[in-house]
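S.K.: sequence and computational prediction follow.
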Number of protein chains: 2
Amino acid sequence: MTDPFANRRLRPSPTGRAELDALLTELAIADAELEERVVKREDIYRGRVVVVERDQIVRTDGSESSRDVVVHPGAVVVAPLDGEGRLFLVVQYRFTGNGAMLELPAGSLDVHEGVREDAELAAHRELEEETGYRAGKMERIGGYYSAPGFLTEYLTLFLATDLRPAGGDRLSPDEDERIRLVRLPLGDAIAAIDAGIIEDSKSIAGILLLARRLEAPEPLSRRARSADASARLGLNPP
Amino acid sequence: MTDPFANRRLRPSPTGRAELDALLTELAIADAELEERVVKREDIYRGRVVVVERDQIVRTDGSESSRDVVVHPGAVVVAPLDGEGRLFLVVQYRFTGNGAMLELPAGSLDVHEGVREDAELAAHRELEEETGYRAGKMERIGGYYSAPGFLTEYLTLFLATDLRPAGGDRLSPDEDERIRLVRLPLGDAIAAIDAGIIEDSKSIAGILLLARRLEAPEPLSRRARSADASARLGLNPP
């Protein structure tokens, strides 16, 4: 397994907003006071989807414990938004939930010979495999852990715009995937969250973060870069 | 393992909104057409935190495959909101992320002799263990899967209000947990999400769902029940 933290974004720098910088200070104190230093690590299960490791840890007060960690290479989740403000979602049968689920396109990072796929490349690949569309623009707009209590999976969230059908040479879904594409206005996707029809945390977080981003005034440094996307989305410039 | 779907909410009934009912129809079609019926199930790893199963599945077209499933009993996530509109968050060191994280209080359902804890009882227990507070009111406001591609974990989201310190006989955190409590206005928690300071999907989804719920007009049947909470939160009635 390659470095499990390679795709994780570093914690943000001080923001200049007192209430947020106080939180960053609180987290830095907790990093120091609550650190769990790994002194021994062993694989206890290597499966097709995940690896389970047992880590022996030592705390700053000298106490010791062990942690079972489900190791995952990380993943991407893509919010594809077309020129008419429609979000592209996929429907798949999820054996974990005993039924079909409506989700943003997403997938794990490929690992070849110990080297992990770049997250942005994975976002382009998953978008094309799962929807049949390619994006002219792919922008990181967030990221989050799936279940940080026991699973290392970190998902990077991308906004995909300037969408075009991939055409005849499109990448196909994995052999084992059966996927249906659903396009709907962003407002309907949010209503589907409120109604409990979307029940997948990466999709709920991703769609609501996207909605905040499209509504919020952006920092000055981003305005130039996003003016083009805003125009394509039919939004007023910030 | 008890029934892994016991705490999952059933898919919503038709809503009367055409655009949402079309999604429910789409999911029902996918349930039927894409069903993966489990014909054989075996445990391939039983660990302290998770069980890995291998399911042999048959699709409606007769094709077969196998799925490795990480089985988890389910969990709760609690959004504790005090009378001043402050959200209670916890800071813990997360070895999965190599640092401290800011999250909503949460934890797995206990399983004793094959019987799984009720989600609402677990929410009361986790709130007290992790924050030292008890809630006079605990209301389910949502639920979601952590990583439905391979993990059965379903989280039920609760809004906890009417908060009081637990006093001398409070339930303590698990022996292995070191937790710091942070109280901050809901708006600051949302700003922390936007800034990338909160990077846990259950907390991002939970906080943004809570914010929508507090802003949105509610169905008539809910108004009477929520008027009291709204008043305590200093909100205008819907």
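M.R.: All right, it came through fine. Residues are numbered from 1 along each chain as shown, chains lettered A, B, ... in the order given.
S.K.: tell me who's in contact with A:R140.
M.R.: A:119-120, A:156-158 (CB atoms under 8 Å, 6 or more residues apart in numbering or on different chains). All C-beta spots, glycine's among them, are computed from the backbone N, C-alpha and C.
S.K.: of those residues, grab the buried ones for PyMOL.
M.R.: Applied in PyMOL, the following selects the buried portion of the contacts of A:R140 according to 16 or more other CB atoms under 10 Å in any protein chain shown:
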select buried, chain A and resi 119+156+157+158
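S.K.: now the contacts of A:R140 as CSV including distance to A:T60 and pLDDT?
M.R.: Output for the contacts of A:R140, formatted as CSV (distance: CB to CB, whole Å; pLDDT from 0 to 100):
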residue, distance to A:T60, pLDDT
A:A119, 32, 96
A:E120, 37, 97
A:T156, 31, 97
A:L157, 33, 97
A:F158, 37, 98
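S.K.: show me where chain A has strands.
M.R.: Secondary structure of chain A by DSSP state E: the strands cover A:36-46, A:51-59, A:64-71, A:75-80, A:86-94, A:99-103, A:106-108, A:111-112, A:115-116, A:133-145, A:154-165, A:180-185.
S.K.: highest mean neighbour count across these, which stretch is it?
M.R.: By mean neighbour count, with neighbours taken as mean count of other CB atoms under 10 Å in any protein chain shown, strand A:75-80 ranks first of those at a mean of 26.
S.K.: relative to strand A:133-145, how tilted is it?
M.R.: Between strand A:75-80 and strand A:133-145, the angle comes out at 130 degrees (axes from the mean of the first three to the mean of the last three CA atoms, to 10 degrees).
S.K.: A:P165 against A:Y133, yeah?
M.R.: Yes: in this structure, A:P165 is within contact of A:Y133 by CB atoms under 8 Å, at 6.0 Å.
S.K.: still on that earlier bit, distance to B:L102 for the strands of chain A - can I get that in JSON lines?
M.R.: Shown next, in JSON lines, are the strands of chain A (distance: least, CB to CB, whole Å):
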{"stretch": "strand A:36-46", "distance to B:L102": "17"}
{"stretch": "strand A:51-59", "distance to B:L102": "19"}
{"stretch": "strand A:64-71", "distance to B:L102": "20"}
{"stretch": "strand A:75-80", "distance to B:L102": "21"}
{"stretch": "strand A:86-94", "distance to B:L102": "28"}
{"stretch": "strand A:99-103", "distance to B:L102": "26"}
{"stretch": "strand A:106-108", "distance to B:L102": "24"}
{"stretch": "strand A:111-112", "distance to B:L102": "30"}
{"stretch": "strand A:115-116", "distance to B:L102": "27"}
{"stretch": "strand A:133-145", "distance to B:L102": "12"}
{"stretch": "strand A:154-165", "distance to B:L102": "16"}
{"stretch": "strand A:180-185", "distance to B:L102": "32"}
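S.K.: out of the ones you listed, flag the one nearest A:E19.
M.R.: strand A:133-145 (20.1 Å; CB to CB).
S.K.: centre of the chain to that closest one, how far?
M.R.: 9 Å (CA atoms, centre = their mean, to the nearest Å).
S.K.: show the average pLDDT along it.
M.R.: Average pLDDT, strand A:133-145: 97.
S.K.: now swap in stretch A:85-100 and tell me
M.R.: Averaged over stretch A:85-100, pLDDT sits at 93.
S.K.: next one: that stretch to chain centre, how far?
M.R.: 16 Å.
S.K.: please export the C-alpha coordinates of that stretch as CSV.
M.R.: Output of stretch A:85-100 as CSV, limited to C-alpha atoms (Å, rounded to 0.1, in the frame of the first residue of the first chain):
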residue,chain,number,x,y,z
GLY,A,85,-27.7,23.4,-14.4
ARG,A,86,-28.6,19.7,-14.4
LEU,A,87,-26.6,17.3,-12.2
PHE,A,88,-25.8,13.9,-13.5
LEU,A,89,-26.5,11.1,-11.0
VAL,A,90,-26.2,7.3,-11.3
VAL,A,91,-28.4,4.5,-10.1
GLN,A,92,-26.8,1.3,-9.1
TYR,A,93,-27.9,-1.8,-7.1
ARG,A,94,-26.1,-1.7,-3.8
PHE,A,95,-25.9,-5.1,-2.1
THR,A,96,-24.9,-3.3,1.1
GLY,A,97,-28.3,-1.6,1.2
ASN,A,98,-30.4,-4.3,-0.3
GLY,A,99,-31.6,-2.1,-3.1
ALA,A,100,-30.9,0.5,-5.8
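S.K.: which residues does the residue located most distally from the centre of chain A contact?
M.R.: The outermost residue of chain A relative to its centre, with distances by CA atoms, centre = their mean, is A:G62 at 35.2 Å. Contacts for A:G62 (CB under 8 Å, 6+ apart) come out as none.
S.K.: remind me which residues of chain A are low pLDDT?
M.R.: Chain A contains residues with pLDDT under 70 at A:1-9, A:217-238.
S.K.: A:R67 contacts B:R48, doesn't it?
M.R.: No: assessed by CB under 8 Å, A:R67 is found out of contact with B:R48, at 9.3 Å.
S.K.: wait, A:T15 sits on B:A195?
M.R.: Yes: using CB under 8 Å, A:T15 is in contact with B:A195, at 5.7 Å.
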